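Sequence plus predicted model, see below.
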2 protein chains.
Amino acid sequence: MADGRVVFAVDLGGTRMRGALISPDGGILMRDAVPTQPSRGEPAAMRRLAGLLDRMTAATPGVEVVGVGMALAGPVDPVAATVHNPPNLPTWDGTSPTGDLSANVGLPAWVHNDASLAALGEYVYGIGRDVRHLVMVTVGTGVGGGLVLDGVVYGGLRGFAGEIGHLVVEPNGPPCPCGGCGCLEVMASGTALARMARERLESVEPSIVLSMARGELSRVRAETLVRAEARADRLAGEVLRAGGRYLGVGIATLRSVLDPELIVIGGGVAGNSHVFWPAMAEAARKHGMRGDKSALPVTPTALGDDAGLLGAAAMAWGELGVGPSYLK
Amino acid sequence: MADGRVVFAVDLGGTRMRGALISPDGGILMRDAVPTQPSRGEPAAMRRLAGLLDRMTAATPGVEVVGVGMALAGPVDPVAATVHNPPNLPTWDGTSPTGDLSANVGLPAWVHNDASLAALGEYVYGIGRDVRHLVMVTVGTGVGGGLVLDGVVYGGLRGFAGEIGHLVVEPNGPPCPCGGCGCLEVMASGTALARMARERLESVEPSIVLSMARGELSRVRAETLVRAEARADRLAGEVLRAGGRYLGVGIATLRSVLDPELIVIGGGVAGNSHVFWPAMAEAARKHGMRGDKSALPVTPTALGDDAGLLGAAAMAWGELGVGPSYLK
């Protein structure tokens, strides 16, 4: 924007806090990051974030920061702006990061779950600019998700809607860290794929995966499988296809429940494997209703790792009255 | 209402068309039904419905009918008011029942899927009067469902959202008439329970179910199982529990995806079996996320078979400007 107004968008994960100065049209004018160091406590992290904003503003002449949008990895109550037992941010339960940051920097601030804001980012600035209903699924270490329904981030009763990683795709599946079992997250995430590969390697199935992991089962990761599959490793291909099929089962369920216009898939596994995506698409069609057999409204992310940051910016701009509000 | 204004609410199924005159407060002043005879065509059915309305109005002094709300068993585009390949109404594809009825009776008319309107009925006049987000699941011959999200009937892109019978609960499950496989409908509906029982009876498992069905496998129905279970029949109890568990898996998925305030369960099986509901609740807890383990926001229907009729009335009153609009 010509007048130089920007928001400070933050993507707060368990390892680092990424910050960006973002204009109303989604332009990223400046970006930087600091470590989260969650064990040092939430107030210290917010002071570090305030320092980051100071440095970024000083290094970007002509901008005026008018608000803060924060994407946080964990369950968030967006109305009370409090965090609920975030798995990657122990000791932060019940705190209000945006409340404290706001007090530090003297700016209005809004917070939401990072997966919900990734969905909003794609909706406002990414691949979903022309749709009204969008579901985002991110397949990384875990499986995250977010919903934009009728142009609004949908949170349900407690703001926890969109936990797509915990829809049940295998009723007899293994326990999930969430407390349930057979969730998409334990059948298709990077962590799940590595677990499945390790189980098969333990029974001494032939594969180049183990040598790629320097002979150590504990070093087997989803990325190892993607690299092995590119070299036609059978075990790697089978595990990635199995994960893709479970994601496809989840996609079919999402279509039946929500009839979304677009399902955006992000994360490294889906983007880099040659077999994961086709296996997903085949299973989604197989399990889909008759009218859902042909066109599959599934597409890769356009914004990649910046979806959460851009969604945080979109939320802040909306609440500042620049563009529509995306909260309810 | 003192001024006698009513809407003509219609619940249109494959066998019969139920009509009711309903006041804005949900009072049913008069009710009656005529056969659907779907094979005679949609225009003939609408003329029969117009005749029913005439007779009902003549028999109810002092009422003024101001509009029509129709709940229809099948996929409906509520905006275009057209029907899409309704399985129980062959030859009706592409027709506009409310358009034709409206022309016959000279009243404004609105149509929506019957399961979506059952959800709305519970939301406006039933067990969900104090909530904002409600999911309805009806376990009968099939499994139907509807969503009220943030006070509005949610239809998604094409109005097909809420097809809860087709969320996938068993990735290796049998084919479903919808074209998919392993859907909730083929694992927990009355039809599915009867199929599972027949499969076990064919392998000559001991049970009183077969004698209750007068020795004919084809006469085994879900109701037979409910009666046999009440007499402690092991096979009947196991089949009903298996169905209940699959419904519980679906409930857990719905909670993770939508975080609803209330899930209302209707239909004969859930209401009459002693073991189906506890098995559902146990599985929903087992598969639920940690925060979803304790309180289960699941409740039986308050309106029973009238939920669709009352939802159709609520829709019509909303569109007539009496109360809020529940469509979007």
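Looks like it arrived, so ask away.

Which strands or helices does the helix or strand harbouring A:A119 pack on?
Secondary structure from DSSP states H and E places A:A119 in helix A:114-125. For helix A:114-125, the elements it packs on are strand A:64-72, strand A:134-139, strand A:143-149, strand A:152-153, strand A:262-266, helix A:307-319, judged by 3 or more Cβ pairs under 8 Å, 6 or more residues apart in numbering or on different chains; DSSP states H and E. Just so you know, the C-beta spots here come from the backbone N, C-alpha and C atoms, and that holds for glycine as well.

what about stretch A:293-312, how long is it end to end?
End-to-end distance of stretch A:293-312: 35 Å, with Cα to Cα, to the nearest Å as the criterion.

about what we covered before: figure out how far the helix holding A:A119 is from the centre of its chain.
9 Å (Cα atoms, centre = their mean, to the nearest Å).

quick one: average pLDDT of it?
Averaging pLDDT along helix A:114-125 gives 97.

Report the contact partners of the residue of the stretch 51-200 of chain A found nearest chain B.
Proximity of the stretch 51-200 of chain A to chain B (Cβ to the nearest Cβ) peaks at A:G156, 2.7 Å away. A:G156 sits next to A:162, B:133, B:149, B:258-261 when contact means Cβ atoms under 8 Å, 6 or more residues apart in numbering or on different chains.

Tell me what A:A9 is bridged to.
Judged by DSSP bridges, the bridge partners of A:A9 are A:A20, A:G69.

which residues touch A:A232?
By Cβ under 8 Å, 6+ apart, no residues touch A:A232.

Show me the shaky parts of chain A.
Applying pLDDT under 70 to chain A flags the ranges A:1-2.

Hmm, A:I127 is touching A:P297, no?
No. Between A:I127 and A:P297 there is no contact under Cβ atoms under 8 Å: 11.1 Å.

Would you mind naming what in the stretch 101-250 of chain A lies close to chain B?
By Cβ under 8 Å from any Cβ of the partner chain, the part of the stretch 101-250 of chain A that sits against chain B consists of A:132-133, A:145, A:147, A:149-150, A:152, A:154-171, A:178-183, A:245-246, A:249-250.

just the buried members of those residues?
By neighbour count, with 16 or more other Cβ atoms under 10 Å in any protein chain shown, those hold A:132-133, A:145, A:147, A:149, A:152, A:154-157, A:159-171, A:178-183, A:245-246, A:249-250 as buried.

If we ignore the residues flanking it in sequence, what's nearest the residue nearest the centre of chain A?
Nearest to the geometric centre of chain A sits A:A115, at 4.0 Å (Cα atoms, centre = their mean). Once flanking residues are discounted, A:A115 sits nearest to A:G144: 3.5 Å by Cβ to Cβ, 6 or more residues apart in numbering or on different chains.

How many residues are close by the one you found?
26 (other Cβ atoms under 10 Å in any protein chain shown).

quick revisit: for the contacts of A:G156, which one is nearest B:G140?
B:G140 lies nearest to B:P260 out of the contacts of A:G156, by Cβ to Cβ, at 20.7 Å.

What distance do you get for that closest one to A:R227?
According to Cβ to Cβ, to the nearest Å, B:P260 and A:R227 sit 42 Å apart.

Counting neighbours around each, name which of these two comes out higher.
Higher neighbour count among B:P260 and A:R227: B:P260, with 25 against 17, using other Cβ under 10 Å.

Got phi/psi on the closest residue to A:R219 other than its chain neighbours?
Leaving out its chain neighbours, the residue that sits closest to A:R219 by Cβ to Cβ, 6+ apart is A:A213, at 3.9 Å. Dihedral pair for A:A213: phi -90, psi 20, per degrees, to the nearest 10.

Spit out the contact partners of A:A213.
A:219-221, A:224.

got it, and A:G304?
Contacts of A:G304 (Cβ under 8 Å, 6+ apart): A:G266.

Give me the phi and psi angles of it.
Dihedral angles (degrees, to the nearest 10) for A:G304: phi 60, psi -130.

Can you verify my assumption that A:D259 contacts B:L147?
No. With contacts counted by Cβ under 8 Å, A:D259 stays clear of B:L147, the gap being 9.9 Å.
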